[in-house]
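**Q** Sequence first, then the predicted structure, then my questions.
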Amino acid sequence: MSQAHLVEVNQYRFSVEALTEIETDAYAANNWPLVYILSNARTHYAYVGETTDTITRLGTHLKHPQKQSLTTAHLVSSERFNKSATLDIESSLIKYMSADGRFKLLNGNLGLSDHNYYQRDELYSKIFRETWDRLRKFGIAERSIEAIDNSDVFKYSPYKSLSADQQQGLIAIMRSLINPGLKKIIVQGGAGTGKSVLAIFLFKLIHSDLQELDLREFSEEEKELRELLQQIKLLFPSPSMALVVPMNSFRNTLKKAFRHVAGLHPDMVISPAELTRRQYDIVLVDESHRLRKRVNLGAYYGAFDKACAALGLDKNTCSEVDWVTRQSRKAVFFYDPNQSIKPSDANASDFDDIKSSTDCGVMTLVSQFRVRAGRHYVQFIDDLLHMRLSAGKKFHSSKYEFLVFDELSDMVKEIEHRNRSYGLARLVAGFSWPWISQKEPDLHDIEMGGVQLRWNSTNKDWINTQGAESEVGCIHTTQGYDLNYTGVIFGHEIRYDEKLDQIVIEKGNYHDKLGKQTIKDPNELKQYILNIYRTIMLRGIRGTFVYACNDELRNYLKRHVESYKSNVIAFPKSGEPLEPYVNAVPLYDLRAAAGGFSALQQVEHENWVPVPDGMPVGKSIFACHVIGESMNKIIPDGAICLFRSNPAGSRNGKIVLVECADTQDGDAGSRYTVKEYQSFKTHTEDGTENLQILLKPRSTNPDLAALELSKEDDEHRYRVVGEFLGVISN
């Protein structure tokens, strides 16, 4: 069976009369495991399920008060399906359709635990992608999988699968909710441990219909979860609930996530001040370390005092933590003390008092879900900033890019490249520059080394704002968010003193006024600033790049973190006359080349580029633009590179320019491609013979695959025309 026919998607009317037609489907008629989607394009509601008894299951749905209003059925089937595969594809469709936003799903969110099975990654991930493309054709899905992966609606979806660690946390929270002796629950966990996902999952779970919580044989805990949920619903038949989020930007992002989920509403996500309007059965507080006290509040003093008066609390001694406990029958705090970043944040002692009280339950999340390098990277960052690393100890991970840059311009370029490849690559900095562009948008806030940058133009959901990739965010616009890559600028407010062997804070260079007023102890300010850098260095899923303004701090970081090595060789000094094949070589535009390379070389050269000192020059040397991200670990997109034509000797392990007989076989629609050449040989009576040739990408994008050539391909369809010598210009 060809790749084009890995899966079938067939559309039917969803009605009692249409069941007869559905019975003619071979997979449905023969009790084959399949996935189905029921939908109504007018009401924008849908339901996703899987079954081995299609007709009976659909008949049951036709009697359901909500599902009988659905009008269309799509059956997703394949001869490769088994029970594990259909459960997995059902789970993936629920997650992606929910985030896609075309429909609101009637599904509950239990039964979404990930499990492994034979050929899950090798085969069934391809089947899911093909399924998604078919559903886009039918209008059931709108956006690409790649776009959804980067969306906050997907990242904070209540349909995300829970890890074993999160499942245990969920069970512990639900046990506490039905325990009459417990009023407060604290869920502790560092950045990236899945606190927000768990909070949203729990919120949706409590608002789900028990009948929609299909049990899965893959998780023993799910039976207990169902029983606990049943007890919660007996205790709170129609619970009044709120998700409190202290930070305005992140709060708006979660409101957006709630908007796409049936049974939830954006108004359920509220600010601490909105708690004063009513009492709730259950209040969940995400990022509770950012709840405030009456210190450095600026324009918020009036609202804070008014809320305290309404609740009968002393404004000088209470905090928003007290507002939560006063206004809820059950309060769940998701808390990380290491993300407290300014004096207005509630005291750690407020949470310590709660934890030590008899009516509080405490649990801890430890698994790392954001950073691909895992808990090792999180601990390394903590030790790096607090100078607890032994001499010579460096961070190493094949799963994560962590680099220190000597030039800010290089880091800016690399973040731009990553953003083009993956999206969600952003620059973030400490508060070392005044925000002058807020009042004068034409001015730049950060200027150094020829680089001119502006702070974030908005505080509201900046990460996802158009143009954010060319701006610099701060802690307030990034805390709580996931990025693919983060470029962190250590500003002038933090430096390293080599004589003292200490990280030192320069208070005068710290421009967050509300972040330093009232602080008398320099160690307190230092801890806040270290917490800021620790937090923003834990945003990147795939990698973190770092530039330090202070030379000594940069050198300290380079002791423990690998340095970025530019592939760009400097041009000769400007002003020197270009002499063909003496200090200059021809620049070919391979993107516009329609014929073969030999014919292209016969054209009279109009464009010449200088050759850097120390690089070879001569009639066998030429330059060309390299387009695309397939070699971006070595060659940036759009760079001008130097090549030697008709290279002799072994090509194995070298980067080569290859001419393709098929004009659309190369990068960017060109007939040329640049890849790393790898051959596998065998010895025969006639000598050495190539068995297999790979043209391998060297890219930060793991989805780019090597091009596999046969011996015949190498001789006829592909021809190596140049050997890579170096990048001479970005």
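**A** Nice, thanks for sending it over. Numbering: from 1, shown residues only.
**Q** which stretches of the stretch 451-600 of the chain aren't confidently modelled?
**A** Scanning the stretch 451-600 of the chain with the threshold set as pLDDT under 70 gives 566-575, 590-600.
**Q** all strands for it, in order.
**A** 451-453, 472-473, 483-490, 494-497, 502-505, 540-548, 584-588 (DSSP state E, counting those that start in this stretch).
**Q** For those strands, give me TSV that also has mean neighbour count.
**A** Using the backbone N, CA and C atoms, a C-beta is placed for each residue, glycine as well. TSV is the format used below for those (neighbours: other Cβ atoms under 10 Å):
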stretch	mean neighbour count
strand 451-453	16
strand 472-473	22
strand 483-490	25
strand 494-497	20
strand 502-505	18
strand 540-548	25
strand 584-588	21
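**Q** show me where pLDDT drops low in the chain?
**A** Checking the chain against pLDDT under 70 turns up 1-4, 110-115, 211-221, 566-575, 590-606, 661-670, 680-691, 710-717, 730.
**Q** sorry, back to before: and Gln230, which of the strands of the stretch 451-600 of the chain is closest to it?
**A** Closest of the strands of the stretch 451-600 of the chain to Gln230 is strand 540-548, at 36.6 Å (criterion: Cβ to Cβ).
**Q** Give me the angle between the closest one and strand 483-490.
**A** 20 degrees (axes from the mean of the first three to the mean of the last three Cα atoms, to 10 degrees).
**Q** The residue nearest to Tyr556 when sequence neighbours are not counted and Asn550: what is the separation?
**A** Among residues not flanking Tyr556 along the chain, Tyr496 sits closest, at 4.4 Å (Cβ to Cβ, 6 or more residues apart in numbering). Between Tyr496 and Asn550 the computed distance is 6 Å (Cβ to Cβ, to the nearest Å).
**Q** out of the strands of the stretch 451-600 of the chain, nearest to Glu407?
**A** Of the strands of the stretch 451-600 of the chain, nearest to Glu407 by Cβ to Cβ is strand 540-548, at 7.7 Å.
**Q** Leu694 belongs to a strand?
**A** Yes: remark: Leu694 belongs to a strand, assigned using DSSP: H, G, I helix; E, B strand; the rest coil.
**Q** who does it bridge with?
**A** Applying DSSP bridges to Leu694 yields these beta-bridge partners: Gln678, Glu708.
**Q** That one: how many residues sit nearby?
**A** 15 (other Cβ atoms under 10 Å).
**Q** what about it, distance to Ser240?
**A** 61 Å.
**Q** cool, Arg129 as well?
**A** 41 Å.
**Q** Please apply the same query to Val656.
**A** Applying Cβ to Cβ to Val656 and Ser240 gives a distance of 66 Å.
**Q** The two: which is more packed in?
**A** Taking other Cβ under 10 Å, Val656 and Ser240 do not tie; Val656 has more neighbours (19 against 14).
**Q** before we move on, what SS does that one have?
**A** strand.
**Q** roughly how far is stretch 46-66 from the heart of the chain?
**A** 34 Å (Cα atoms, centre = their mean, to the nearest Å).
**Q** I misspoke; the intended subject was stretch 103-123.
**A** Worked out by Cα atoms, centre = their mean, stretch 103-123 lies 19 Å from the chain centre.
**Q** end to end, how far does that stretch reach?
**A** End-to-end distance for stretch 103-123: 27 Å, by Cα to Cα, to the nearest Å.
**Q** doesn't Ser328 make contact with Phe236?
**A** No: with contacts counted by Cβ atoms under 8 Å, Phe236 stays clear of Ser328, the gap being 11.7 Å.
**Q** Tell me which of those two has more neighbours.
**A** Counted by other Cβ under 10 Å, Phe236 and Ser328 do not tie: Ser328 has more neighbours, with 23 against 17.
**Q** contacting residues for the residue lying closest to the more buried one once chain neighbours are set aside?
**A** With Cβ to Cβ, 6+ apart as the criterion, Ser328 has its nearest non-adjacent residue at 3.8 Å, and that residue is Val283. Shown in contact with Val283 (Cβ atoms under 8 Å, 6 or more residues apart in numbering): Met241, Ala242, Val244, Leu275, Val324, Gln327, Ser328, Lys330, Ala331, Val332.
**Q** from those, which ones fall inside helices?
**A** The helices, defined by DSSP state H, take in Val324 from the contacts of Val283.
**Q** Go through the contacts of Val283 and say which is closest to Phe103.
**A** Once Cβ to Cβ is applied, the member of these that ends up nearest Phe103 is Met241, at 23.7 Å.
**Q** what's the neighbour count on the nearest residue to the closest one once chain neighbours are set aside?
**A** Spatially, and ignoring its direct neighbours in sequence, Met241 is nearest to Ile282 (4.7 Å; Cβ to Cβ, 6+ apart). The number of residues packed near Ile282 is 21, by other Cβ under 10 Å.
**Q** do His44 as well
**A** His44 has 12 neighbouring residues, counting by other Cβ under 10 Å.
**Q** ok, so what distance separates it from Val656?
**A** Taken as Cβ to Cβ, the span from His44 to Val656 is 52 Å.
**Q** what do you get for Phe545?
**A** Relative to Val656, and taking Cβ to Cβ, Phe545 is found at 29 Å.
**Q** now swap in Ile627 and tell me
**A** 16 Å.
**Q** so Ser151 touches Ser98, yeah?
**A** No: with contact defined as Cβ under 8 Å, Ser151 does not count as touching Ser98 (10.8 Å).
**Q** Tell me the helix or strand right after the helix or strand containing Asp410.
**A** Using DSSP states H and E, Asp410 sits within helix 408-422. Counting by DSSP H and E, the next helix or strand C-terminal to helix 408-422 is strand 425-429.
**Q** What pairs with the helix or strand just after that next one, parallel or antiparallel?
**A** Downstream of strand 425-429, the first helix or strand assigned by DSSP H and E is strand 446-448. Take DSSP bridges as the rule and strand 446-448 pairs in its sheet with strand 451-453 (antiparallel).
**Q** Just the CA trace of stretch 41-59, in PDB.
**A** Backbone C-alpha positions of stretch 41-59 (Å, rounded to 0.1, in the frame of the first residue of the first chain) are rendered in PDB as follows:
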ATOM      1  CA  ALA A  41     -20.800  22.700  11.100                       C
ATOM      2  CA  ARG A  42     -23.600  25.100  12.100                       C
ATOM      3  CA  THR A  43     -23.300  24.800  15.900                       C
ATOM      4  CA  HIS A  44     -19.500  24.200  15.700                       C
ATOM      5  CA  TYR A  45     -19.700  21.200  18.100                       C
ATOM      6  CA  ALA A  46     -18.000  17.900  17.600                       C
ATOM      7  CA  TYR A  47     -17.300  14.600  19.300                       C
ATOM      8  CA  VAL A  48     -14.300  12.200  18.700                       C
ATOM      9  CA  GLY A  49     -14.400   8.500  19.600                       C
ATOM     10  CA  GLU A  50     -13.000   5.100  18.800                       C
ATOM     11  CA  THR A  51     -14.700   1.800  18.600                       C
ATOM     12  CA  THR A  52     -14.600  -1.800  17.300                       C
ATOM     13  CA  ASP A  53     -18.500  -1.900  17.200                       C
ATOM     14  CA  THR A  54     -19.200   1.100  15.000                       C
ATOM     15  CA  ILE A  55     -23.000   0.700  14.300                       C
ATOM     16  CA  THR A  56     -23.800   0.000  18.000                       C
ATOM     17  CA  ARG A  57     -21.700   2.900  19.200                       C
ATOM     18  CA  LEU A  58     -23.200   5.400  16.700                       C
ATOM     19  CA  GLY A  59     -26.700   4.200  17.500                       C
END
